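**Student:** Starting from these lines, generate the structure:
(one chain, ligands or ions: 2)
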Amino acid sequence: MPRYCEVAVPVPLRTTFTYAVPESLNGEPLIGRRVIVPFGKRAIVGVGLAESENPPNGARVKEIAELMDPLPALPPKLIELGHWISRYYVAPVGEAFRAMLPPEIELRQDRAYSITDAGRSCLRELAAAEERTDEERAEFELLCKFDNADSSVSSARLRRHPGVEALAGKLIRRGCLTASELLRRRKSRTQKIVAWKLGPVEARGFNPAESGPASSGVLTPEASAAEGLRDAQEDSILGGRSFSSDIPARLSKGASAPDARIHEVLTSERGPLPLNLLLEKARVSRAVIQRLEKAGLLQTWEEPITPGEDPWDTDFTPPANVLNSEQKAALEEIWRWILAGEFSSALLHGVTGSGKTEVYLGAIEAALSRGKTAIVLVPEIALTLWVGRLVRARFGDRVAVLHSGLPDIERAREWWRVRRGEASIVVGTRSAVFAPLENLGLIIVDEEQESSYKQEEAPRYNGRDTAVYRARLEGAVALLGSATPSLETFHNARAGKYKLLKLTSRVENRPLAEVRIVDLREEFRRQHRAAPISESLRAAIALRLEEKTQAMVLINRRGYSWSLLCRSCGAVVQCRNCSIALTYHKSRERLECHYCGYSIRPPKQCPKCRAEYMYFVGDGAERVDEYLRQQFPHAKVARLDRDTVRTKRQYQQILGAFAKGEVDILVGTQMVAKGHDFQRVTLVGVAAADLALGRPDFRAAERTFQLLTQVAGRAGRGELAGEVLVETYYPEHYAIELAAQQDYESFYEKEAHFRRMLHYPPFTALASVLVRDRKVENAVRWSRALGTCFVPFEKQGVKILGPAPAPLARLKRDYRFQFVLKSPQRAALGKALASALDFCAAKEIPANAVIVDVDPTSLF
Ligand code: ADP
Ligand code: ZN
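**Tutor:** Ligands and ions are numbered 1, 2, ... in the order given. Predicted structure coming up:
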């Protein structure tokens with residue numbers, strides 16, 4: 001009986017593809033399995049979704065080429081979830097499923113080249129030519145190589161010689177070579193491990209025979225290979241202890257400093273280490289290692305790559321908190337739901353510093369006690385460090401961490417560890433909502449209001465809403481936590497759709513920080529000059545420096561100046577590719593576009609009118625940083641934004657230094673506002689608090705309120721009381737006033753009132769459709785056509801606004817037009833969107849020219 005399989009492949013089409021199952025795969029179940037299939041001229045990785053015995057009519061069916069893993073990558077519930085994502089977000093099936101699969105580390109893309117007949121005749125001509133240019137000589141040599149090769153040549157081989165791949169590309173365009181795309185399996189990658197050899201001196205009093213490799217942690221190459229990946233990693237940590245001893249006689253006499261450092265690191269500090277880590281820890285060069293290896297002092301071997309050790313985790317003792325009555329009451333409720341073993345969703349609404357994390361930990365314990373698994377979602381990679389560390393301290397190596405900042409190889413390994421059931425708790429960012437855990441009992445979404453839960457590329461899902469849906473599918477508990485819940489979530493809690501748990505006070509009854517509003521209009525009247533921060537804030541910081549406590553300053557704009565303005569004609573220097581002002585970065589002496597990366601030297605003359613009155617407007621984080629250093633030359637100032645922090649390590653360094661009290665003032669963008677728990681911060685200043693209010697977006701007030709409340713929550717978390725200064729030109733705006741009072745419910749009432757009147761979420765379902773193209777004529781024509789396609793849906797209760805130029809009318813050289821669709825009935829909205837995409841396919845409007853965003857986090 002011939003078999004067929006529906007495969008989801010990662011292409012932007014709203015359909016699966018049917019493949020024939022070759023006989024070699026007889027008896028293999030295919031659902032949820034990753035398969036390699038031919039697609040056009042390529043081979044790509046898809047996932048099997050359904051099997052059938054009926055051939056599709058008409059089209060010729062290709063065969064599945066290969067099965068990738070022995071185990072289905074996706075368990076059945078995740079397949080259901082993938083279909084839901086594709087339906088709800090009107091996303092291409094294959095792209096929805098690609099978001100759920102592990103990185104394809106076992107494969108690499110490759111190209112195979114071979115010579116054509118035209119190439120052979122070109123070769124003959126070149127061979128006969130009297131004279132050859134340099135270029136012709138290079139072509140001749142390359143064609144000779146291909147002619148002599150008995151099979152095709154891979155691009156990996158070409159890449160070894162600089163420039164040759166480009167030349168091959170040229171020969172393909174001339175028809176002398178052909179190329180086909182290949183997927184190849186990668187050999188597993190290894191790294192060199194270095195250990196201090198047990199010399200006779202060190203081995204004394206230590207008998208390997210007594211304590212076998214597994215128990216004692218003696219790490220020999222043989223043992224580590226036999227123990228496999230995970231155990232080898234544990235061993236290498238244990239190994240340090242049994243290797244340790246005093247510096248051996250050979251070394252202590254006349255040993256050079258680098259040698260002693262290596263010995264120190266490999267014996268008393270750490271144990272056997274990967275070469276790179278050792279070089280860094282012992283601050284030595286490769287040559288030193290080689291010399292010691294030759295001298296027989298070091299031993300090395302290859303081992304599969306294991307995750308880089310996280311220095312963040314070492315020496316960490318979690319606080320031993322005794323739960324207060326509110327925390328206990330919340331946990332008791334959660335235990336009840338978990339024991340009931342069925343779906344429920346709840347909002348944990350707790351003010352900043354109320355100890356939500358302890359409740360999360362208790363909830364995980366509840367789930368584990370029932371033999372279930374748990375996912376903890378956090379809004380940022382950085383927070384996986386803080387939260388991951390707490391969870392690991394409590395639950396040990398049953399914890400896996402998944403986020404997109406991990407190198408593919410580490411992410412794949414963690415992913416499969418979860419899939420095989422070796423981890424039962426996953427801490428991660430957005431995409432960890434797809435963690436392949438089975439028997440899920442709990443999903444926690446921390447800071448559920450964060451817009452980072454929304455993926456801004458296809459599939460455009462919201463991790464929080466997906467978490468709630470997944471909990472429903474799995475009969476699990478979804479726990480959404482926040483001090484400033486999104487309007488949607490609080491609305492659901494009010495309506496009884498979500499249960500509501502409250503933590504109304506800070507732990508140990510610490511008071512919330514006092515918030516003072518600084519009216520910048522008045523400041524200006526008094527001071528008659530505009531400094532990057534107000535005099536009130538400057539004085540408050542000075543006080544903290546005297547007291548020797550810490551201060552944080554939030555300025556939610558990167559760079560030195562927001563823009564460069566011509567005072568003669570009023571023009572602002574804009575990006576060449578986007579309709580947005582360029583930001584001035586002083587350290588690099590560039591004007592930069594934060595959207596597309598375009599940058600130029602700041603012009604001396606106005607590009608429009610040639611006048612020479614160019615003027616920098618608006619102060620960003622770089623300027624505030626500089627100003628603080630000038631004002632407080634003896635203070636230690638550090639800055640945390642995407643210009644100073646490019647890697648996880650830099651992030652840890654800055655925050656670590658601040659936590660240890662080595663930094664007095666921390667300046668930064670919203671990166672400083674999130675979740676951190678510093679005990680000695682007694683002042684938080686917010687410069688330009690109303691920045692976000694200027695955005696033409698329905699969430700502007702909500703975002704402002706959330707950011708201010710969050711950052712205010714960073715002050716006074718320890719024994720010392722905190723104060724917050726909020727600088728603004730609109731002190732009477734309700735978002736600012738109510739944030740100052742830290743009064744969430746009043747803010748909700750007020751904002752909900754506007755949303756209801758203006759038909760915005762949570763009172764209507766919202767979607768945006770963006771049409772974009774390099775050519776403005778195309779963008780106009782296609783959006784007009786789409787407009788006609790939407791017309792019939794107006795009768796079905798879908799309100800359609802547009803097409804109109806998008807607020808960012810040009811982005812990365814594309815012209816953009818926007819529709820906004822609203823409907824009280826989600827089903828009607830979904831139908832309109834699906835039929836719009838079908839319409840585009842029928843009219844041959846390119847799939848990537850139309851972006852559908854269901855439940856957009858912003859219309860900007
Ligand atoms: P939130 O996320 O609600 O802002 P956290 O969970 O970060 O608050 O907790 C704030 C601080 O309070 C942390 O330092 C935490 O260790 C501490 N904490 C939590 N629960 C208690 C408790 N019951 N007693 C004392 N301190 C606590
Ligand atoms: Zn740009």
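
**Student:** Could you list the low-confidence segments of the chain?
**Tutor:** Within the chain, the stretches with pLDDT under 70 are 108-109, 182-190, 198-255, 304-315, 675.

**Student:** and the residue of the stretch 351-500 of the chain nearest ligand 2?
**Tutor:** Proximity of the stretch 351-500 of the chain to ligand 2 (C-beta to the ion) peaks at Glu456, 16.1 Å away. Every C-beta, even on glycine, is put in place using the N, C-alpha and C of the backbone.

**Student:** so is that residue in a helix, a strand, or just coil?
**Tutor:** coil (DSSP: H, G, I helix; E, B strand; the rest coil).

**Student:** Ok, Ser268 next?
**Tutor:** helix.

**Student:** Look at Val445 and tell me its secondary structure.
**Tutor:** With three-state DSSP as the basis, Val445 sits in strand.

**Student:** which residue ranges form the strands in the stretch 201-350 of the chain?
**Tutor:** Along the stretch 201-350 of the chain, counting by DSSP state E, counting those that start in this stretch, strands occupy 273-274, 298-304, 344-350.

**Student:** residues of the last one that come out buried?
**Tutor:** When burial is assessed from 16 or more other C-beta atoms under 10 Å, strand 344-350 yields the following buried residues: Ser344, Ser345, Ala346, Leu347, Leu348, His349, Gly350.

**Student:** tell me which element the closest residue to Arg516 other than its chain neighbours is part of?
**Tutor:** Take Arg516 and drop its neighbours on the chain: the residue closest to it by C-beta to C-beta, 6 or more residues apart in numbering is Leu725, 5.4 Å away. Element membership of Leu725 [criterion: DSSP states H and E] is strand 723-728.

**Student:** now do Glu732
**Tutor:** Judged by DSSP H and E, Glu732 forms part of no helix or strand.

**Student:** what's the burial count for it?
**Tutor:** Glu732: 9 surrounding residues under other C-beta atoms under 10 Å.

**Student:** got it, and Glu333?
**Tutor:** Using other C-beta under 10 Å, Glu333 is surrounded by 18 other residues.

**Student:** OK, contacts around it?
**Tutor:** Ala346, Lys499, Leu501 (C-beta atoms under 8 Å, 6 or more residues apart in numbering).

**Student:** what's the last one sitting at in phi/psi?
**Tutor:** The one in question is Leu501. Phi and psi for Leu501, reported as degrees, to the nearest 10, are phi -110, psi 140.

**Student:** quick one: it and Ser345 touch, right?
**Tutor:** No - checked against C-beta atoms under 8 Å, the pair Leu501 and Ser345 is beyond contact range at 11.4 Å.

**Student:** hmm, back to that, a markdown table for the strands of the stretch 201-350 of the chain, including distance to ligand 2?
**Tutor:** Output for the strands of the stretch 201-350 of the chain, formatted as a markdown table (distance: least, C-beta to the ion, whole Å):
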| stretch | distance to ligand 2 |
| --- | --- |
| strand 273-274 | 40 |
| strand 298-304 | 43 |
| strand 344-350 | 38 |
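
**Student:** of all the ones you listed, which lies closest to ligand 1?
**Tutor:** strand 344-350 (4.9 Å; C-beta to the nearest ligand atom).

**Student:** Run me through the strand neighbours of that closest one, direction for each.
**Tutor:** Strand 344-350 has these partner strands in its sheet, going by DSSP bridges: strand 477-482 (parallel), strand 499-503 (parallel).

**Student:** Now do it: everything it contacts.
**Tutor:** Outside strand 344-350, the residues that touch it by C-beta under 8 Å, 6+ apart are 330, 333-334, 337, 356, 359, 448, 468, 471-472, 477-483, 485, 489-490, 492-493, 497-504, 744.

**Student:** Which ones, among those, also lie beside ligand 1?
**Tutor:** Filtering the contacts of strand 344-350 for neighbours of ligand 1 using C-beta under 6 Å from any ligand atom leaves Lys356.

**Student:** which ones are touching Asp519?
**Tutor:** So Asp519 contacts Thr728, Tyr729, Pro731 (C-beta under 8 Å, 6+ apart).

**Student:** if we take the residues you listed, which one ends up nearest to ligand 1?
**Tutor:** Thr728 (24.2 Å).

**Student:** was I right about Asn556 contacting Val672?
**Tutor:** No - taking C-beta under 8 Å as the definition, Asn556 is not a contact partner of Val672, at 9.7 Å.

**Student:** So between the two, which is more surrounded?
**Tutor:** Val672 (27 against 23).

**Student:** any idea how far the more buried one is from Phe678?
**Tutor:** According to C-beta to C-beta, to the nearest Å, Val672 and Phe678 sit 10 Å apart.

**Student:** cool, Tyr748 as well?
**Tutor:** Distance from Tyr748 to Phe678, by C-beta to C-beta: 28 Å.

**Student:** repeat for Ala73
**Tutor:** Taking C-beta to C-beta as the measure, Ala73 falls 41 Å from Phe678.

**Student:** Tell me which of these two has more neighbours.
**Tutor:** Using other C-beta under 10 Å as the criterion, Ala73 and Phe678 rank with Ala73 on top: 21 against 17.

**Student:** just to revisit the earlier point, okay, the strands of the stretch 201-350 of the chain in CSV with distance to Val378 next?
**Tutor:** Listed next are these as CSV, based on distance: least, C-beta to C-beta, whole Å:
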stretch, distance to Val378
strand 273-274, 28
strand 298-304, 29
strand 344-350, 14
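
**Student:** For the stretch 51-200 of the chain, which segments count as strands?
**Tutor:** Going by DSSP E, counting those that start in this stretch, the stretch 51-200 of the chain shows strands at 66-67, 107-115, 153-154, 177-185, 190-196.

**Student:** Next: the stretch 451-600 of the chain.
**Tutor:** Assigned by DSSP E, counting those that start in this stretch, the stretch 451-600 of the chain shows strands spanning 477-482, 499-503, 514-519, 550-555, 561-566, 583-585, 590-592, 599-600.

**Student:** could you dump these to TSV with distance to Gly787?
**Tutor:** As requested, the strands of the stretch 451-600 of the chain are exported to TSV (distance: least, C-beta to C-beta, whole Å):
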stretch	distance to Gly787
strand 477-482	37
strand 499-503	42
strand 514-519	45
strand 550-555	41
strand 561-566	34
strand 583-585	35
strand 590-592	36
strand 599-600	37
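
**Student:** Quick one: closest of those strands to Ala832.
**Tutor:** In terms of C-beta to C-beta, the element of these nearest to Ala832 is strand 477-482, at 28.6 Å.

**Student:** buried set for that closest one?
**Tutor:** So, applying 16+ other C-beta under 10 Å, buried residues of strand 477-482: Val477, Ala478, Leu479, Leu480, Gly481, Ser482.

**Student:** wait, what's in contact with the spatially most central residue of the chain?
**Tutor:** The C-alpha lying nearest the average C-alpha coordinate of the chain belongs to Ser404 (C-alpha atoms, centre = their mean; 4.6 Å). Shown in contact with Ser404 (C-beta under 8 Å, 6+ apart): Ile381, Arg411, Thr429, Ser431.

**Student:** cool, Tyr615 as well?
**Tutor:** Leu564, Leu565, Cys566, Arg567.

**Student:** circling back to that earlier point, using the three-state scheme, assign the residue nearest to the centre of the chain.
**Tutor:** Assignment for Ser404 (three-state DSSP): coil.

**Student:** Please report the distance of it from ligand 1.
**Tutor:** 23 Å (C-beta to the nearest ligand atom, to the nearest Å).

**Student:** close enough to count as contact, His263 and Trp196?
**Tutor:** Yes - at 6.1 Å, His263 counts as touching Trp196 under the criterion of C-beta under 8 Å.

**Student:** burial measure for the residue lying closest to Thr429 once chain neighbours are set aside, as a count.
**Tutor:** Counting by C-beta to C-beta, 6+ apart, His403 is the residue found nearest to Thr429 once chain neighbours are left out, at 4.3 Å. Neighbourhood size, His403 [other C-beta under 10 Å]: 22.

**Student:** What does Val624 show for phi and psi?
**Tutor:** phi -60, psi -40.

**Student:** ok, and the closest non-adjacent residue to Ser486?
**Tutor:** Per C-beta to C-beta, 6+ apart, closest to Ser486 is Gln449, 4.0 Å.

**Student:** And for the one you found, the neighbour number?
**Tutor:** 26.
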